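# Fold the following.
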Amino acid sequence: MIILPAIDIKDKTCVRLVKGDYATAHQVAESPYETADSFREAGAAWIHMVDLDGAKDGRPVNEEIFEKVAGESGLKVEVGGGIRSMDTIERFLEKGISRVILGSVAVKDPSLVKKAVRKFGDKIAVGIDARNGMVATEGWLEKSDVTYLDLARAMEDAGVKTIIYTDISRDGTLSGVNTEQLGKLNEAVSCDIIASGGVRSIQDILDCKKLDLYGCICGKAVYTGALDLALAIEKAGEQTC
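Now for the predicted structure:
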């Protein structure tokens, strides 16, 4: 299982939110570049980055930060937030981003997902973010009438290989991952599943590994010191290839 430490960007700074509420944004690090370097030094191979401004505005806002991290950190970078077009996807991939995450468009424009997967294959991931099992879009500000399992099955049918699942109610809360929903998701589809939201300790890493998930995103727990990133990578048994 791979461990993906997270950097969320809002107003050019590294922040964390609680349950996706923009009003709770608080700075957790001085520099995204120094933070990425520290993740690499801890043994990370991947980093998960989110454009919070982009997610709200429906267009990329902090592209230069992600591209610089991809170009200078030595890490593989996956990016999500406000990606709504093939042009944006192509631009990110051309600038060295390893994986582009499509979120809201998976609900609102599934044809774009299919087109992107046909062209870029496993460089496309879909982020499924849900409250009480129902998918939320537009930076988690809008609720849909689609369940996370139905969307996952539709994305599998579209050819998507990687799904990032976030239980919004746990994100930024250090309350533990939602093993029940993650287990159901991993059984429902053949896609690689990355857990996101609620990681608080090494036990969450072990729980995700026991579910045979592909990856686990770690955010607030790393910044608060509740989770030792190097130990998490070791316990995950991460392969760098």
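
# Need the per-residue pLDDT for G81.
Note on G81: pLDDT of 94.

# Give me the neighbour count for S73.
20 (other C-beta atoms under 10 Å). Any C-beta I mention is one placed from the backbone N, CA and C, and that applies to glycine too.

# just A106 next, same as before
24.

# What residues sit buried inside stretch 148-160?
For stretch 148-160, a neighbour-count test (16 or more other C-beta atoms under 10 Å) marks Y148, L149, L151, A152, A154, M155, E156, A158, V160 as buried.

# OK, contacts around the last one?
Looking back up the chat, that one is V160. Applying C-beta atoms under 8 Å, 6 or more residues apart in numbering, we find V160 in contact with V113, V117, I124, A125, V126, C191.

# distance of it from G58?
21 Å (C-beta to C-beta, to the nearest Å).

# Equivalent analysis for Y165, please.
Taking C-beta to C-beta, one finds Y165 at 22 Å from G58.

# When the two are compared, which one has more neighbours?
Y165 (26 against 15).

# Identify the bridge partners of the more buried one.
In this structure, Y165 bridges to I128, A195 when assessed by DSSP bridges.

# how distant is stretch 167-175 from the center of its chain?
Taking C-alpha atoms, centre = their mean, to the nearest Å, the mean C-alpha location of stretch 167-175 is offset from the chain mean by 13 Å.

# Quick check: buried residues in the lowest-mean-pLDDT helix or strand in the chain?
The least trusted helix or strand in the chain, going by mean pLDDT, DSSP states H and E, turns out to be strand 142-147, with a mean of 82. For strand 142-147, the neighbour count (16+ other C-beta under 10 Å) marks V146 as buried.
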